[in-house]
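Trainee: Just to be clear, the model below is a prediction. Sequence and coordinates:
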Amino acid sequence: MKSKRTSSGRTYDVVLYGASGFVGRQTVAYFAQHAAGLRWALGGRAPAKLEAVRDACGAGAVAAGIVVADANDAKALAALARGTRVVLSTAGPFALYGSELVTACVKQRTHYVDITGETPWVREQIDRHHVQAGKEGTRIIPCCGFDSVPSDLGAWLVAEAMQRQHREPCIRVKACFSMRGGLNGGTLASLLNAMASGQNRMVADPFLLNPAGARPRNAADDADPVVPHRDADFDAWVGPFIMGPVNTRVVRRSAALLSGGRDAAYAADFHYQEYLRFGRGPVAALAAAGVSVGMTLGQGALRFAPNRRIASALGPGPGEGPSERTMDRGSFRCELVGRSAGGHVLRGRISGTGDPGNRATTKFVCEAALALALAPDDLPGGAAAGGVLTPATGLGTVLAERLRAAGMTLTPLPS
């Protein structure tokens with residue numbers, strides 16, 4: 001696909017907001033290596049920190065600008081959004097620091113991507129901005145990190161391949177994850193804030209992000225799994241995946257948005273579920289049972305403020321995360337199985353090297369921003385489409401091809 005830029009009269013093509021944070025610093029390093037020819041800048045509230053990050057990223061970042069804007073300064077955020085075509089934000093927790101920035105982007109008709117997994121906050125942005133962003137062709141695309149690109153893009157690729165090969169929509173897709181990596185302070189802070197604010201209770205709704213009235217007739221298959229089982233499709237013991245309550249909601253929003261519109265890949269009564277893979281033998285079965293129980297107990301414990309304070313004290317702080325060695329040695333693999341009403345079965349896979357919550361997340365969100373900046377006419381629905389979208393509905397094949405070019409494995413391949 002040929003990359004292109006449109007002239008917009010704006011100072012920058014992309015602003016990396018939250019650039020001095022742990023993942024933010026990685027986005028700057030990524031742009032320094034992969035954004036030659038683009039006009040881009042670092043954004044945040046502390047100019048000295050932003051300049052230090054830029055200097056640390058070498059020659060590829062030397063021409064990057066600095067845009068100072070506090071997350072609660074509406075005027076400064078409006079100026080930031082007005083001066084760029086795309087905003088990439090890594091500044092979480094997004095429920096605390098993201099809302100004014102999204103509002104500014106919608107008002108200034110500036111495209112936006114982020115790495116949030118805070119689905120209650122995403123629901124709030126849908127309610128506030130989906131209609132206006134859709135009318136004005138502004139793409140607001142949260143969840144463009146490891147939450148939830150592999151799940152959402154993977155399910156869509158399988159469903160598209162089913163339609164292409166068998167002329168039938170997918171009625172069901174399930175995914176199974178294997179991963180190795182570490183935790184950063186921003187992810188922990190987002191989790192603890194969700195528990196403290198009570199927003200975590202909203203996550204229990206399997207269709208939290210769906211448009212109004214877009215729920216399957218039989219929703220039993222979409223309840224979050226709580227116990228492990230032996231899955232024949234994956235030939236392994238599988239159990240609840242800690243990110244499942246985020247990813248599944250995003251995939252279901254994609255299916256709901258597409259099944260009634262331009263894309264026939266998803267059946268109207270589509271179901272999606274995902275799991276964590278543990279292996280094949282009795283040891284794997286025990287591990288699956290132990291992790292499942294541990295997740296339930298851990299989530300219960302974090303409902304209480306003293307336990308959240310302990311978790312905050314013991315975990316990585318803001319701006320902290322795994323070592324470079326840990327991130328480099330990490331990996332992830334998402335296997336998918338899709339079925340049609342006629343009994344056809346298709347398999348897919350998205351996998352990559354590097355810690356999923358940091359290295360892979362950086363690649364996902366940076367390539368999402370670059371897709372918006374470089375190929376607006378090739379995006380789903382064309383350059384005029386907008387709304388509070390998902391990675392699949394907002395970026396589709398363009399993102400899939402960019403990720404393949406960046407070294408990730410994605411099958412089935414986009415047509």
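Mentor: Done, it's in. Residues are numbered from 1 along each chain as shown.
Trainee: Going along the chain, name the strands of the stretch 101-250 of the chain.
Mentor: 111-114, 139-141, 170-180, 229-231, 236-239 (DSSP state E, counting those that start in this stretch).
Trainee: Repeat that for the stretch 301-415 of the chain.
Mentor: 331-340, 345-353, 387-388, 409-411.
Trainee: So in that sheet, which strands flank the last one, and in what orientation?
Mentor: Using DSSP bridges, strand 409-411 pairs in its sheet with strand 345-353 (antiparallel).
Trainee: residues of the strand it pairs with that come out buried?
Mentor: Within strand 345-353, the residues that count as buried by 16 or more other CB atoms under 10 Å are Leu346, Gly348, Arg349, Ile350, Ser351, Gly352, Thr353. (Glycine included, C-beta is placed from N, CA and C.)
Trainee: returning to that earlier point: dump the strands of the stretch 301-415 of the chain into TSV; add mean pLDDT as well.
Mentor: Output for the strands of the stretch 301-415 of the chain, formatted as TSV (pLDDT from 0 to 100):
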stretch	mean pLDDT
strand 331-340	96
strand 345-353	96
strand 387-388	98
strand 409-411	93
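Trainee: For this structure, which strand extends over the most residues?
Mentor: strand 266-279 (DSSP state E).
Trainee: what is the rounded mean pLDDT of stretch 204-214?
Mentor: What stretch 204-214 shows for mean pLDDT is 90.
Trainee: centre of the chain versus that stretch, how much separation?
Mentor: Distance of stretch 204-214 from its chain centroid, counting by CA atoms, centre = their mean, to the nearest Å, is 18 Å.
Trainee: my read: Val23 touches Ala360, true?
Mentor: No: using CB atoms under 8 Å, Val23 is not in contact with Ala360; the gap is 10.8 Å.
Trainee: what about Ala81, how many neighbours?
Mentor: 29 (other CB atoms under 10 Å).
Trainee: Contacts for the helix or strand harbouring it, please.
Mentor: Secondary structure assignment for Ala81, by DSSP states H and E: helix 74-82. The contact list for helix 74-82, computed with CB atoms under 8 Å, 6 or more residues apart in numbering, reads 10, 15, 17, 43, 67-71, 87, 100-101, 103-105, 107-108, 110.
Trainee: Only whichever of those residues are buried, select them in ChimeraX.
Mentor: Burial among the contacts of helix 74-82 is assessed by 16+ other CB under 10 Å; the matching ChimeraX selection reads:
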select :10,15,17,43,67,69,71,87,100,101,103,104,105,107,108,110
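Trainee: Cross the contacts of helix 74-82 against helices and list the overlap.
Mentor: Glu100, Leu101, Thr103, Ala104, Cys105, Lys107, Gln108 (DSSP state H).
Trainee: so the first one makes contact with Ala69?
Mentor: By that I understand Glu100. No: counting by CB under 8 Å, Glu100 sits too far from Ala69 to count as a contact (9.4 Å).
Trainee: contacting residues for Gly98?
Mentor: Contacts of Gly98 were listed using CB under 8 Å, 6+ apart, and they are Ala71, Ser89, Ala91, Gly92, Asp114, Thr116, Trp121.
Trainee: Which residue in the residues you listed has the weakest pLDDT?
Mentor: Lowest pLDDT within the contacts of Gly98 is found at Gly92 (89).
Trainee: Count the neighbours of that residue for me.
Mentor: Using other CB under 10 Å as the criterion, Gly92 is surrounded by 26 other residues.
Trainee: I'd like the strands of the stretch 101-250 of the chain laid out as JSON lines, including mean neighbour count.
Mentor: Converted to JSON lines, those look like this (neighbours: other CB atoms under 10 Å):
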{"stretch": "strand 111-114", "mean neighbour count": "30"}
{"stretch": "strand 139-141", "mean neighbour count": "27"}
{"stretch": "strand 170-180", "mean neighbour count": "22"}
{"stretch": "strand 229-231", "mean neighbour count": "14"}
{"stretch": "strand 236-239", "mean neighbour count": "24"}
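Trainee: Nearest to Leu96, out of those?
Mentor: In terms of CB to CB, the element of the strands of the stretch 101-250 of the chain nearest to Leu96 is strand 111-114, at 13.2 Å.
Trainee: Go ahead and name everything in contact with the closest one.
Mentor: Here strand 111-114 has contacts from 85-90, 94, 98, 101-102, 105, 138-145, 365, 368-369, 372, using CB under 8 Å, 6+ apart.
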